[in-house]
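>>> after the sequence you'll find the predicted model.
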Amino acid sequence: MSEILNENAIEGHPARYWHALDDGRVQCDLCPRFCRMHEGQRGLCFVRAVSDGAVVLTTYGRSSGFCVDPIEKKPLNHFLPGTPVLSFGTAGCNLTCKFCQNWDISKSREFDRLQAQATPEMIADAAVKTGSKSVAVTYNDPVIFLEYAVDVAEACHARGIKMVAVTAGYITPEPRTEFFRHMDAVNVDLKGFTESFYKDLCTGSLAPVLDTLKYIKHETDVWLEITTLLIPGKNDSDAELEELTSWVMENLGPDVPLHFSAFHPDWKMTDIPNTPLETLVRARKIAINNGIRYAYTGNVHDPEGDSTYCHQCGEMLIGRDWYEINSWKVETGGNYTGNCAKCGTALPGVFEGPAGDWGRKRLPLQLEAVPA
């Protein structure tokens, strides 16, 4: 699962989680692919490569672009609602999803399109200057640029900025511990709920992702939400949705929010139609019937499916229309807690004061152009 390049030397930042093999190759231990590479080769992710007998990260300090988004777009509905998040990614991915919705970034091998000089300190400074409450590593999977993501997190935490990851969770146990130790919130993309789906459409495996989900929920304090992109005829059957939501209920509990998002034809799956709203509504209903308290629809206009309700009394606590918050009935207290304003029942998540008013704005930016 590696690729020979026609280059004599590869420049990059020293990477962690690898070891030398007896046959002269080097094995990357970051993710379950365990790419075995000769000198001058890159792993399947394309950004971790062997140079002078060691693995290096070739995209450290370089980004495919920066944008200030609503936090709900990650999607995170129970983490500082209504606030702006400075989002960025790099290039490459350790999965090969045929339905990738960000393929121009995750499949990119054109490094000259990446912005240079995006140091961790510059990113943290940009977050402060734009009023962002958090920084998200997203667009492509951040586990493949772990060293960069961790350094950005440390710089952000030093400035009082929280750190968010959007990931498929395809990572091995040792680096997983380091990566999530530096995160405050994460949305894990649970792509389907069968090994055949992961094998045939992602050239990956479901089991490591489920292990990651259980690790985050039970062994960290990271706020966790989950997204599944529902693809017509591939992972949207009642049986699979029953199995997925039952597994979440039994292994993670009722308070982990589930987002069911609509697929649109892209990358190598342009022959499949858009996911109809009815499918997302059906998935949400199955989740709720199986005990999940917070289930959402995404990528469609569905104010009911966007909104947050008290599981005890049924009060609408956070009303949403797309990414716009139009109703707020959450009482916030210390330690980022929230409660139903009507009956006092706790609302799981991370809340700070009233909802933010960022709305649905999307602000692309260049770091050097951020106003002082």
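Looks like it came in fine.
>>> how about the nearest residue to residue 212, chain neighbours excluded?
Among residues not flanking residue 212 along the chain, residue 169 sits closest, at 3.6 Å (Cβ to Cβ, 6 or more residues apart in numbering). Every C-beta, even on glycine, is put in place using the N, C-alpha and C of the backbone.
>>> one more: residue 268?
In space, not counting the residues next to it along the chain, residue 268 is nearest to residue 98; the distance is 4.1 Å by Cβ to Cβ, 6+ apart.
>>> I figured the one you found was touching residue 269, is that so?
Yes: proximity of residue 98 to residue 269 meets the contact threshold set by Cβ atoms under 8 Å, at 5.1 Å.
>>> ok, the residue nearest to residue 212 - contacts?
Applying Cβ atoms under 8 Å, 6 or more residues apart in numbering, we find residue 169 in contact with 143, 188-190, 208-209, 212-213, 216.
>>> below-threshold pLDDT in this protein: ranges please.
1-9, 101-116, 368-372 (pLDDT under 70).
>>> need the longest strand for it.
What stands out as the longest strand in the chain, according to DSSP state E, is strand 223-230.
>>> name the residues of that strand that are buried.
Residues 223-230 are the ones in strand 223-230 that count as buried (16 or more other Cβ atoms under 10 Å).
>>> partner strands of that strand and their direction?
Here strand 223-230 is paired, per DSSP bridges, with strand 185-189 (parallel), strand 258-262 (parallel).
>>> quick one: closest of those strands to residue 147.
Residue 147 sits nearest to strand 185-189 of all these, at 17.8 Å, using Cβ to Cβ.
>>> please parse this protein into its domains.
2-57, 65-360 (automatic domain parsing).
>>> any idea which helix or strand carries the residue positioned nearest the centre of the chain?
Centre of the chain computed as the mean C-alpha position; nearest residue by Cα atoms, centre = their mean is residue 166, 1.1 Å away. Using DSSP states H and E, residue 166 falls within strand 162-167.
>>> any idea how far residue 54 lies from residue 100?
30 Å (Cβ to Cβ, to the nearest Å).
>>> hang on, the earlier thing: give me the helices and strands touching the strand holding residue 166, please.
Judged by 3 or more Cβ pairs under 8 Å, 6 or more residues apart in numbering; DSSP states H and E, the packing partners of strand 162-167 are strand 134-137, helix 146-158, strand 185-189.
>>> with just CA atoms, put the longest one into PDB.
Spelled out, that is helix 146-158. The C-alpha coordinates for helix 146-158 follow below in PDB (Å, rounded to 0.1, in the frame of the first residue of the first chain):
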ATOM      1  CA  LEU A 146      -0.900  14.000  13.600                       C
ATOM      2  CA  GLU A 147       2.300  15.800  14.400                       C
ATOM      3  CA  TYR A 148       1.100  19.000  12.800                       C
ATOM      4  CA  ALA A 149      -2.400  18.700  14.400                       C
ATOM      5  CA  VAL A 150      -0.900  18.100  17.800                       C
ATOM      6  CA  ASP A 151       1.400  21.200  17.600                       C
ATOM      7  CA  VAL A 152      -1.600  23.300  16.400                       C
ATOM      8  CA  ALA A 153      -3.600  22.100  19.300                       C
ATOM      9  CA  GLU A 154      -0.900  23.000  21.800                       C
ATOM     10  CA  ALA A 155      -0.600  26.500  20.300                       C
ATOM     11  CA  CYS A 156      -4.300  27.000  20.400                       C
ATOM     12  CA  HIS A 157      -4.700  25.800  23.900                       C
ATOM     13  CA  ALA A 158      -2.000  28.300  25.000                       C
END
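>>> quick check: buried residues in that helix?
146-153, 155-156.
>>> now swap in stretch 297-313 and tell me
So stretch 297-313, judged by 16+ other Cβ under 10 Å, has buried residues 297-300, 302, 305-311.
>>> for these, work out which two are farthest apart.
Most distant of those, by Cβ to Cβ, are 299 and 310, 25.2 Å apart.
>>> still on that earlier bit, let me know the closest of the buried residues of helix 146-158 to residue 261.
Residue 261 lies nearest to residue 149 out of the buried residues of helix 146-158, by Cβ to Cβ, at 23.1 Å.
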